[in-house]
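Engineer: Build me a structure from this.
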Amino acid sequence: MRDLKKNRKTTKKMRQNRLKQKKKPINWRKSLHRILRIGVTVFSAVLIVVGGFFVTQLLLASDLFRVEQVAVQGNHRLNKNQVVALSDIQTGVNTFNLDLGLIGRKIEENPWVQSAHVQRIFPSQLLINLEERQPVAIINLGYLYYLDSQGQIFKVLDAADRLDYPVITGFDYTKAQRHDAEYAQQLRQIVGLLADLKQRKLFSLDQVSEVHFEPRVGLSLYTLEGGVKVKLGYADYSRKLDRLERIYTQLQPKLQMLDYIDLNVDEKVIVRIERLKQLAKG
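Structural biologist: Numbering: from 1, shown residues only. Predicted coordinates for the structure are as follows:
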């Protein structure tokens with residue numbers, strides 16, 4: 001059994017052997033210096049915030065930043081006055097009170113505008129940068145619409161619009177309006193086909209009057225001269241047109257006699273001559 005008295009004596013002796021730590025006196029000068037430094041920092045921050053607020057209010061009220069001029073870049077279809085009217089910017093308004101993003105979205109409501117970006121040029125000018133849509137064809141959906149270089153149907157034609165573009169037919173209005181995925185893909189392919197034709201010299205875009213789409217057949221072109229149907233089907237349009245161009249100089253004088261040109265058979269150009277017989281019967 002342990003000797004509890006002995007243990008108590010040992011503990012008491014150890015306690016007596018411990019060094020008594022003296023409490024350090026408080027350095028009031030150092031503490032006051034720290035408090036003063038914190039106070040100055042807080043006061044400076046408050047002063048900056050309050051000063052910034054008053055400076056901002058002065059700027060907002062200042063005549064220096066009132067809009068005096070609106071410049072427009074990138075516009076070709078729309079004139080400057082039309083763009084400024086779309087923006088609804090009033091001269092004399094403080095430039096800091098304008099929501100530039102909202103102004104850009106207002107301008108983009110015009111069908112000719114692909115995108116509009118507005119920026120401030122201090123102290124008193126605004127710059128509107130436009131990217132306008134470029135029509136590449138007219139699509140017949142009951143009404144005539146422009147098709148742009150991205151394959152987007154963007155504007156119904158009016159009396160002032162040009163008609164010297166190839167016409168696209170065979171598309172359904174309802175499917176086109178609800179952005180049918182197959183239609184959208186086919187329209188993008190047509191844009192690519194038109195761009196290809198524009199670069200060609202023998203059988204070029206100037207010789208095409210119509211692009212026709214049939215769901216089970218694919219695409220066909222109609223020549224401006226003679227209205228001959230050129231069957232392209234689906235895909236490989238460039239390769240098929242290459243094949244047509246090899247013999248087009250021989251075919252061109254006979255277009256009035258041709259019923260159609262079929263390019264859907266590999267390495268061949270099938271030509272049907274039937275109009276001469278029909279003319280003879282007539």
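
Engineer: unless I'm mixing things up, D262 is touching K231, no?
Structural biologist: Yes: between D262 and K231 a contact is recorded at 4.6 Å, counting by Cβ atoms under 8 Å. Yep, even glycine has a C-beta here, placed from its N, CA and C like the rest.

Engineer: between these two, what contacts are shared?
Structural biologist: Common contacts of D262 and K231, defined by Cβ atoms under 8 Å, 6 or more residues apart in numbering, are absent altogether.

Engineer: residue contacts, K231?
Structural biologist: 217-218, 220, 260-264.

Engineer: Buried among the residues you listed? Make that a PyMOL selection.
Structural biologist: Buried members of the contacts of K231, defined by 16 or more other Cβ atoms under 10 Å, are picked up in PyMOL with:
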select buried, resi 218+220+261+262+263
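
Engineer: Quickly find the element holding R272.
Structural biologist: Per DSSP states H and E: R272 is located in strand 270-273.

Engineer: Same check on I128?
Structural biologist: If you go by DSSP H and E, I128 is part of strand 125-132.

Engineer: Now that strand - C-alpha only, CSV.
Structural biologist: C-alpha atoms of strand 125-132 as CSV (Å, rounded to 0.1, in the frame of the first residue of the first chain):
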residue,chain,number,x,y,z
GLN,A,125,-18.5,61.1,-75.9
LEU,A,126,-20.0,57.6,-76.6
LEU,A,127,-18.9,55.2,-79.3
ILE,A,128,-21.3,52.6,-80.7
ASN,A,129,-19.6,49.7,-82.6
LEU,A,130,-21.9,47.7,-84.8
GLU,A,131,-21.6,44.4,-86.6
GLU,A,132,-24.3,44.2,-89.2
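
Engineer: That one pairs with which strands?
Structural biologist: strand 69-73 (parallel), strand 113-121 (antiparallel) (DSSP bridges).

Engineer: how about the last one as CSV, C-alpha atoms only?
Structural biologist: In this case it means strand 113-121. Output of strand 113-121 as CSV, limited to C-alpha atoms (Å, rounded to 0.1, in the frame of the first residue of the first chain):
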residue,chain,number,x,y,z
VAL,A,113,-27.8,44.4,-86.3
GLN,A,114,-25.8,41.3,-85.4
SER,A,115,-24.2,42.9,-82.3
ALA,A,116,-23.8,46.3,-80.8
HIS,A,117,-21.2,47.4,-78.2
VAL,A,118,-21.3,50.8,-76.5
GLN,A,119,-18.3,52.4,-74.8
ARG,A,120,-17.5,55.7,-73.0
ILE,A,121,-14.9,58.0,-74.4
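
Engineer: Mean confidence (pLDDT) on it, please.
Structural biologist: Mean pLDDT, computed over strand 113-121, is 96.

Engineer: any idea which helix or strand comes after the strand holding I128?
Structural biologist: Toward the C-terminus from strand 125-132 - assigned by DSSP H and E - lies strand 135-140.

Engineer: looking only at pLDDT, what's the mean for that next one?
Structural biologist: The average pLDDT within strand 135-140 is 97.

Engineer: do stretch 87-100 as well
Structural biologist: Rounded mean pLDDT across stretch 87-100 is 92.

Engineer: and what of stretch 206-215?
Structural biologist: 95.

Engineer: Quick check: which ranges of the protein have low pLDDT?
Structural biologist: Applying pLDDT under 70 to the chain flags the ranges 1-33, 36, 40, 43, 47, 50-62, 275-282.

Engineer: Could you chop it up by domain?
Structural biologist: Structural domains assigned to the chain are 64-132, 135-281, following automatic domain parsing.

Engineer: okay if I get those domains as TSV plus distance to A45?
Structural biologist: TSV is the format used below for these (distance: least, Cβ to Cβ, whole Å):
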stretch	distance to A45
domain 64-132	24
domain 135-281	51
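
Engineer: so which of the ones you listed gets nearest R34?
Structural biologist: Closest approach to R34 among these (Cβ to Cβ): domain 64-132, 40.9 Å.
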